[in-house]
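S.K.: Quick one: sequence and predicted model below, then my questions.
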Amino acid sequence: MASLRNLFALSRWYRAGLGLGLLATVIAACTLLTDRGKDQCASDADCVAFGGHPYCQVGVCVKSGLKPEDCFPGTPTTPEQFANHCSTATCLEFNNCTELGLCKDTDEVPPASPPPPPPDAGPPADASVLDAAVPATACVDGTRPVVVVGGSTAIQPFMSVVAPLLAPIQIVYQPSGSCTGVDEVWNPDPTKHIVKDIANRPALLFDTQGGSVPCTFGSPSTTTLDVAVSDVFASSCNAGFATMPAHIAEYLGPIQPMTFIVQSRSTQMSISAEKAHMVFGLGTSDPMMRAMPFVDPGLYFIRNASSGTQQMLARAIDVDARQWWGVDTGGSTAVLAQLKAVDPMRAARAIGILSTDFADAQRQSLRIVAFQGKHQQCGYYPDSTVNTRDKINVRDGHYAIWGPVHFYTQVNDSGNPSAAAGALVTRFSDPRLDKTLLDAIIKIGLVPACAMKIQRTAEMGAITTYAPPFECGCYFEATVPDGKAPQTCHACSGPGDCSADTPACNNGYCEVR
């Protein structure tokens, strides 16, 4: 094993995954690889000819289980190396050649085709007036301290676990879409900062236990937004928001993966960027029908250009977020409900988009599809397998579609937010997160920055290695549902329990920093 570590320079997270699993394959590997008349090898280099990255174990070349076949074994530095770095995680190839006819490196997907206009639904509704009955509860009534949060619909589950941490302040949350929330903070027109009721999508007032009730801002509303929460960078919503004004501050929250998702009864297990381009960029306009089995755009459950989920996925599959085929459901909650409600006879044709905080909670009825990015040899789940929740492929670069949650708020001349906004956003400014907040992030299916091994500074931009100033990778893997700390993680009650190479005792485990 020592020679294997030296040859492949695997991270300790991979080495933990190899561990006993590799030793258990020795006997089986002998059947496949051993020349019983003599030793096969004296070093790992002697085993290279067998392919599949075997290593030398007691004179026998043993399969390592590393994938894909032509994986990069060293320390990755380029996007392609990160995407195809050797791993023991589940690796599902989507064959673009046999499925889409894209067999050469020079073959390209056709340009996206604008979807047909939706059926005429009559004159547009006034978004400031609720079509349904107005909720009885006022979002802001002056009797309770509140922080008014608006934006991403994908972040609703996270609000439910954060709400108990802010007591006695309560969260008022309006699921308006990432870019709508961003505009309500960034727009130089102060009248745009007013939060209004949205038709058929009432705001929610969270209590200090995480429960919520629909609420109304009233008409006319005078409430201004305290915090905009966005799945994407402000510049993804508006190119004019690329430079941060002096009166606005950004706080980065946990990492949020975005996914393609199908019903659990579907046979679809993986999708490539090129295949997703065919589905959401061409729909039924492709004469070769390469979107199959997704041949009914009425069963594509999507969002719109204001959605951070769609903005991020759009960059991954090269389809303008404003030009997707499918049905704009109006929010992540609706995507979830409508995809689950599809008749079993039509389930094979249905596909949706969700963040993992929604998708992870629905694993019995829905399944995340492994995603194979451009120049990637196979597809990966956000997690090491379809059944785990370790988010290892997000954390090391194999799964491409993710970004930090962004909190935007107005600040004064000293750079400080209001007391209400500060109660929420400043909790993310310390690399050493409060343990209750850390547990809330893990519980809801997001990834704390302290568990990441990579980072990116632009929307779906190039990734680089990252060493958090305060690490929590061991605690993260031990704490996720059905989780277990890797064998290389050592429990500790203080720094004295840790070795020189992992001297920090963080949340009960020895870490490098």
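M.R.: Happy to help now that I have it.

S.K.: the helices in the stretch 201-350 of the chain, which residues?
M.R.: 234-237, 273-282, 308-317, 332-340 (DSSP state H, counting those that start in this stretch).

S.K.: So for the first one, what gets flagged as buried?
M.R.: Within helix 234-237, the residues that count as buried by 16 or more other CB atoms under 10 Å are A234, S236, C237. The C-beta positions use only the backbone N, C-alpha and C, and glycine is treated the same way.

S.K.: Remind me what it packs against, helices and strands.
M.R.: Counting contacts by 3 or more CB pairs under 8 Å, 6 or more residues apart in numbering; DSSP states H and E, helix 234-237 packs against helix 178-186, helix 308-317.

S.K.: Redo those as CSV? Include mean neighbour count and mean pLDDT.
M.R.: Output for the helices and strands packed on helix 234-237, formatted as CSV (neighbours: other CB atoms under 10 Å; pLDDT from 0 to 100):
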stretch, mean neighbour count, mean pLDDT
helix 178-186, 27, 96
helix 308-317, 26, 97
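
S.K.: Turn these into CSV, including distance to C97.
M.R.: Below are these laid out as CSV (distance: least, CB to CB, whole Å):
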stretch, distance to C97
helix 178-186, 36
helix 308-317, 18
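
S.K.: correct me, but P293 touches Q268?
M.R.: Yes: using CB atoms under 8 Å, P293 is in contact with Q268, at 7.2 Å.

S.K.: who's more crowded, the two?
M.R.: Q268 (19 against 16; other CB atoms under 10 Å).

S.K.: And that one, how close does it get to E99?
M.R.: 11 Å (CB to CB, to the nearest Å).

S.K.: again, but for I255
M.R.: Taking CB to CB, one finds I255 at 30 Å from E99.

S.K.: neighbour count winner among these two?
M.R.: I255 (23 against 15).

S.K.: so what's that one bridging to?
M.R.: In this entry, I255 is beta-bridged to P404, V447, by DSSP bridges.

S.K.: can you pull the contacts of it?
M.R.: Residues counted as contacts of I255 (CB atoms under 8 Å, 6 or more residues apart in numbering) are V394, W402, G403, P404, V405, L446, V447, P448, A449, M452.

S.K.: quick one: which of those is most hemmed in?
M.R.: Of the contacts of I255, with other CB under 10 Å as the count, W402 tops at 28 neighbours.

S.K.: so it sits right up against V394, yeah?
M.R.: Yes: the pair W402 / V394 is scored as a contact, 5.1 Å apart, by CB under 8 Å.

S.K.: list the residues that contact both of these two?
M.R.: Counting by CB under 8 Å, 6+ apart, the residues touching both W402 and V394 are I255, P257, P382, V447.

S.K.: so can I have CSV of those residues showing distance to N187 and pLDDT?
M.R.: CSV is the format used below for the shared contacts of W402 and V394 (distance: CB to CB, whole Å; pLDDT from 0 to 100):
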residue, distance to N187, pLDDT
I255, 27, 97
P257, 29, 97
P382, 34, 98
V447, 31, 97
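
S.K.: so which of those residues comes closest to C91?
M.R.: The shortest approach to C91 among the shared contacts of W402 and V394 belongs to P382, at 13.6 Å (CB to CB).

S.K.: Wait, a helix at the closest one?
M.R.: No: per DSSP: H, G, I helix; E, B strand; the rest coil, P382 lies outside any helix segment and is coil.

S.K.: Quick check on G397: phi, psi?
M.R.: phi 110, psi 0 (degrees, to the nearest 10).

S.K.: from memory it sits against T75, does it?
M.R.: No: using CB under 8 Å, G397 is not in contact with T75; the gap is 11.7 Å.

S.K.: Between those two, point out the one with more neighbours.
M.R.: Between G397 and T75, G397 has the larger neighbour count (other CB under 10 Å), namely 25 against 12.

S.K.: what mean pLDDT would you report for stretch 70-79?
M.R.: What stretch 70-79 shows for mean pLDDT is 89.

S.K.: and the residue nearest the centre of the chain, how far is that from T356?
M.R.: Against the mean C-alpha coordinate of the chain, by CA atoms, centre = their mean, the closest residue is P257 at 0.2 Å. According to CB to CB, P257 and T356 sit 5 Å apart.

S.K.: Identify the residues contacting N393.
M.R.: S87, A89, Y380, Y381, P382, D383, S384, Y399.

S.K.: So which bits of stretch 358-366 are buried?
M.R.: F358, A359, D360, Q362, L366.

S.K.: Just the CA trace of it, in CSV.
M.R.: Taking C-alpha atoms only, stretch 358-366 is exported to CSV below (Å, rounded to 0.1, in the frame of the first residue of the first chain):
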residue,chain,number,x,y,z
PHE,A,358,-34.2,19.4,-1.7
ALA,A,359,-33.1,16.2,-3.6
ASP,A,360,-31.4,14.5,-0.6
ALA,A,361,-34.6,14.6,1.4
GLN,A,362,-36.5,12.7,-1.4
ARG,A,363,-34.3,9.8,-2.1
GLN,A,364,-37.0,7.2,-1.8
SER,A,365,-39.0,8.7,-4.6
LEU,A,366,-36.5,10.7,-6.6
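
S.K.: picking that back up, shared neighbours of P293 and Q268, which are they?
M.R.: A348.

S.K.: re earlier: tabulate the helices of the stretch 201-350 of the chain in a markdown table, adding columns for distance to D70.
M.R.: A markdown table is the format used below for the helices of the stretch 201-350 of the chain (distance: least, CB to CB, whole Å):
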| stretch | distance to D70 |
| --- | --- |
| helix 234-237 | 33 |
| helix 273-282 | 19 |
| helix 308-317 | 22 |
| helix 332-340 | 35 |
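
S.K.: Isn't G326 up against I302?
M.R.: Yes: using CB under 8 Å, G326 is in contact with I302, at 3.9 Å.
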